[in-house]
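# got a sequence here, can you build the structure:
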Amino acid sequence: MKDSEFLESDFIHLNQVTKNYKDPASNIKFQALRGIDLTISQGSITAIIGPSGAGKSTLLNILGGMTFPSTGSVTVDNMLLNDLDDHGLDTYRRNVVGFLWQLPERNLLPNLTALENITFSMEVSGYPRQERITRAKELLKSVGLGNRMNHKLGQLSGGEAQRASLSVALANKPKVLLADEPTGELDSETTMEIIDYLKQLNADLGLTIVVVTHDNRFERLTHQSYNILDGSIAGLRRSRSKLDSTDWRTAEREEVAVVDQFGKVRIPSHLRQKYHFGRYIRFIEDTESGRVYIEGVEHEL
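Okay, here's the model as predicted:
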């Protein structure tokens with residue numbers, strides 16, 4: 001999407017975002033993100049799915065204002081993150097975004113109870129004492145931890161710790177929740193519980209949620225999800241009915257390729273294998289139907 005196509009209703013907008021790193025040991029540069037174009041609507045729940053090393057966490061760190069892109073622009077809630085100074089970024093991270101990590105201890109201090117972790121987060125942001133306590137109790141009850149609020153991290157199960165971590169992420173009433181592999185350390189049953197909590201938050205609060213994960217179950221529980229490979233958005237999968245599915249096992253999905261501003265498109269690997277696409281493909285234009293078909297070329301030219 002070009003800048004001229006950016007709509008005011010779009011909550012998150014990335015235009016040609018790249019991120020370069022240098023290996024300090026070898027001094028070799030590598031590109032973690034390669035021209036990301038992405039638009040996310042306010043109040044949506046979006047999954048960005050890909051294998052380890054695909055650039056998921058780098059993308060989330062940029063959305064969270066924890067690192068700048070090497071090139072390109074990032075706009076969240078009408079704020080151009082590229083232009084924010086250190087104070088502006090602190091305010092953004094404190095008031096606009098909440099973070100849910102794979103490891104709950106990134107949100108929870110081990111020497112504090114679940115209740116104290118939430119109130120501490122709100123104290124840093126200047127909330128009055130009674131409001132802190134009231135909201136902390138409400139959040140813990142909403143995630144099923146009403147009877148565990150006085151327990152510390154070491155006294156909570158993995159699923160309980162992640163739900164407490166989620167409460168901390170929501171403490172300051174963020175407009176967007178960024179989740180990095182939030183179920184990576186959990187069993188299947190607890191994973192589905194966390195997914196259900198996220199969907200309920202989205203439905204009840206209209207909270208914009210962005211999840212980066214390798215877990216395809218998140219894809220089935222969103223209207224649309226993006227596939228990221230080698231630092232690029234390779235395609236998206238979306239519900240045929242244009243409605244969120246309540247059952248990831250039976251949701252009908254369609255796979256859609258992404259054409260970037262240079263006209264490049266990535267054919268999914270399973271289709272390349274199924275139809276034996278080699279290095280070259282041929283375009284066949286059907287003027288009557290207004291469609292274009294592709295087929296593999298048997299012999300490379």
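
# alpha carbons only for contacts and neighbour counts from here, please
Fine.

# which parts of the stretch 101-250 of the chain are helices?
Here the stretch 101-250 of the chain has its helices, by DSSP state H, counting those that start in this stretch, at 114-124, 129-142, 158-169, 188-205, 217-220.

# and stretch 90-109, end to end?
20 Å (Cα to Cα, to the nearest Å).

# what residues of that stretch count as buried?
Under the neighbour-count criterion of 16 or more other Cα atoms under 10 Å, stretch 90-109 has 92-104, 107-109 buried.

# Leu38: which of these is nearest?
Leu38 lies nearest to Val97 out of these, by Cα to Cα, at 17.6 Å.

# the residue nearest to Arg240 when sequence neighbours are not counted: what's it in contact with?
Nearest residue to Arg240, sequence neighbours excluded (Cα to Cα, 6 or more residues apart in numbering): Arg253, at 5.4 Å. Arg253 sits next to Arg220, Arg237, Arg238, Ser239, Arg240 when contact means Cα atoms under 8 Å, 6 or more residues apart in numbering.

# reformat the residues you listed as a markdown table; add pLDDT, distance to His276 and neighbour count.
As requested, the contacts of Arg253 are arranged in a markdown table below (pLDDT from 0 to 100; distance: Cα to Cα, whole Å; neighbours: other Cα atoms under 10 Å):
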| residue | pLDDT | distance to His276 | neighbour count |
| --- | --- | --- | --- |
| Arg220 | 68 | 28 | 24 |
| Arg237 | 84 | 22 | 20 |
| Arg238 | 79 | 25 | 22 |
| Ser239 | 73 | 27 | 20 |
| Arg240 | 72 | 27 | 14 |
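
# format the residues you listed as JSON lines; extra columns: distance to Asp204.
Listed next are those as JSON lines, based on distance: Cα to Cα, whole Å:
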{"residue": "Arg220", "distance to Asp204": "20"}
{"residue": "Arg237", "distance to Asp204": "24"}
{"residue": "Arg238", "distance to Asp204": "22"}
{"residue": "Ser239", "distance to Asp204": "21"}
{"residue": "Arg240", "distance to Asp204": "24"}
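
# from Ala169, how far out is the nearest residue to Thr213 once chain neighbours are set aside?
Excluding its sequence neighbours, the residue lying closest to Thr213 (Cα to Cα, 6+ apart) is Glu181, at 4.6 Å. Counting by Cα to Cα, the gap from Glu181 to Ala169 is 14 Å.

# who's more crowded, the two?
Comparing Glu181 with Ala169 by other Cα atoms under 10 Å, the one with more neighbours is Ala169, at 25 against 19.

# returning to what we had before: in strands only, show me the contacts of Arg253.
Arg237, Arg238, Ser239 (DSSP state E).

# bridging residues for the second one?
By that I understand Arg238. Per DSSP bridges, the residues bridged to Arg238 are Gln224, Glu254.

# ok, it - contacts?
With contact set as Cα under 8 Å, 6+ apart, Arg238 has these partners: Thr222, His223, Gln224, Ser225, Arg253, Glu254, Glu255, Val256.

# output those in TSV; the columns should cover pLDDT and distance to Leu63.
Below are the contacts of Arg238 laid out as TSV (pLDDT from 0 to 100; distance: Cα to Cα, whole Å):
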residue	pLDDT	distance to Leu63
Thr222	79	19
His223	71	20
Gln224	77	19
Ser225	89	17
Arg253	77	27
Glu254	81	27
Glu255	82	25
Val256	86	24
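
# quick one, strands of this protein?
Assigned by DSSP E, the chain shows strands spanning 10-22, 29-41, 45-49, 71-76, 79-80, 97-100, 176-180, 208-213, 224-229, 232-239, 253-257, 281-286, 291-296.

# how about these in CSV, adding distance to Lys137?
As requested, the strands of the chain are exported to CSV (distance: least, Cα to Cα, whole Å):
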stretch, distance to Lys137
strand 10-22, 30
strand 29-41, 30
strand 45-49, 25
strand 71-76, 30
strand 79-80, 32
strand 97-100, 18
strand 176-180, 20
strand 208-213, 22
strand 224-229, 33
strand 232-239, 36
strand 253-257, 39
strand 281-286, 60
strand 291-296, 57
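
# which of the ones you listed has the lowest average pLDDT?
Across those, strand 253-257 has the smallest mean pLDDT, namely a mean of 82.

# just want the angle from that strand to strand 224-229.
Here the directions of strand 253-257 and strand 224-229 differ by 50 degrees (axes from the mean of the first three to the mean of the last three Cα atoms, to 10 degrees).

# show me what counts as buried in strand 253-257.
Residues of strand 253-257 classed as buried by neighbour count (16+ other Cα under 10 Å): Arg253, Glu255, Ala257.

# please apply the same query to stretch 51-68.
For stretch 51-68, a neighbour-count test (16+ other Cα under 10 Å) marks 54-65, 67-68 as buried.

# ok so, going back, any idea which of the helices of the stretch 101-250 of the chain gets closest to Asp10?
Comparing the helices of the stretch 101-250 of the chain by Cα to Cα, helix 188-205 comes nearest, at 16.5 Å.
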